[in-house]
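Q: here is my input; please provide its structure:
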Amino acid sequence: MSTTKWIIDPTHSEVSFKVKHLVISTVTGYFRKFEGFAESTSDDFDGATVSFSADIDSIDTNQADRDGHLKSGDFFDAANHPKLTFAGIVENHGGDYKLVGDISVRGTKKEIELDLDFGGVAGDPYGQTKAGFEIEGKISRKEFGLTWSAITEAGSVVVSDQVRLILNVQLVKQAVEELAEATA
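A: This is a model prediction of the structure:
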């Protein structure tokens, strides 16, 4: 059985997170620099292995001071933990896809399960074969040591513990000659 390698196309992918602020609104952030790949033995990606990493210094919430705070020791501690990583496997339960694996944030590794919507495989105008996925899930930031917290005078939590992860990923199938060059 042959294995096909697929690489994330960063120009057609986005990695975002959402967290409640003051319990009344949601702040959206992005990781602007990330990379990853999947290796599959079937066209439906069942059993595919996945590897992903995002650069903490690439956090962008559209507010420089908040980005700096998120990169500091109060949250991600980018100086000591420059990457968020994930390694896992795709499970297809009759068309109900899950991505199950270990996520590492700030030196803490936990198993998580993410919902995976497989959009299918298609060719692009340049002769490349692409696969598309929407991935969603939730984690507790405090379980990963991101414990900074504050309470307003009215008793509202400034930053929620629950963080929603939302990824839209397009993968590019690697040609045999590209794989040979990558392993040489």
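
Q: tell me which residues in stretch 68-83 are buried?
A: Applying a neighbour-count criterion of 16 or more other C-beta atoms under 10 Å, the buried positions in stretch 68-83 are 69, 70, 71, 75, 76, 77, 78, 81, 83. Glycine gets a C-beta too; all of them are placed from N, C-alpha and C.

Q: need these in CSV (columns: pLDDT).
A: Listed next are the buried residues of stretch 68-83 as CSV, based on pLDDT from 0 to 100:
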residue, pLDDT
69, 91
70, 91
71, 95
75, 87
76, 90
77, 94
78, 96
81, 97
83, 97
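
Q: right, and out of those residues, which lies closest to residue 142?
A: Using C-beta to C-beta, residue 75 is the member of the buried residues of stretch 68-83 that lies nearest residue 142, at 10.9 Å.

Q: for that closest one, helix, strand, or coil?
A: At residue 75, secondary structure determined by DSSP: H, G, I helix; E, B strand; the rest coil is coil.

Q: any idea how far residue 144 is from it?
A: For residue 75, the distance to residue 144 equals 10 Å [C-beta to C-beta, to the nearest Å].

Q: and residue 116, by the same measure?
A: With distances taken as C-beta to C-beta, residue 116 is found 21 Å from residue 144.

Q: so residue 128 makes contact with residue 173?
A: Yes: between residue 128 and residue 173 there is a contact at 7.0 Å, judged by C-beta atoms under 8 Å.

Q: compare those two and say which is more crowded by neighbours.
A: Ranked by neighbour count (other C-beta atoms under 10 Å), residue 128 and residue 173 place residue 173 first, with 17 against 13.

Q: partners of the nearest residue to the more buried one once chain neighbours are set aside in the sheet?
A: The shortest distance from residue 173 to any non-neighbouring residue, by C-beta to C-beta, 6 or more residues apart in numbering, is to residue 129 (3.9 Å). Beta-bridge partners recorded for residue 129 (DSSP bridges): residue 123.

Q: do you know the pLDDT at residue 129?
A: If you check residue 129, the pLDDT there is 93.

Q: got the contact list for it?
A: By C-beta atoms under 8 Å, 6 or more residues apart in numbering, residue 129 lies in contact with 121, 122, 123, 172, 173.

Q: if any of those are buried, put those into a PyMOL selection.
A: To isolate the buried members of the contacts of residue 129 in PyMOL, using 16+ other C-beta under 10 Å:
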select buried, resi 172+173
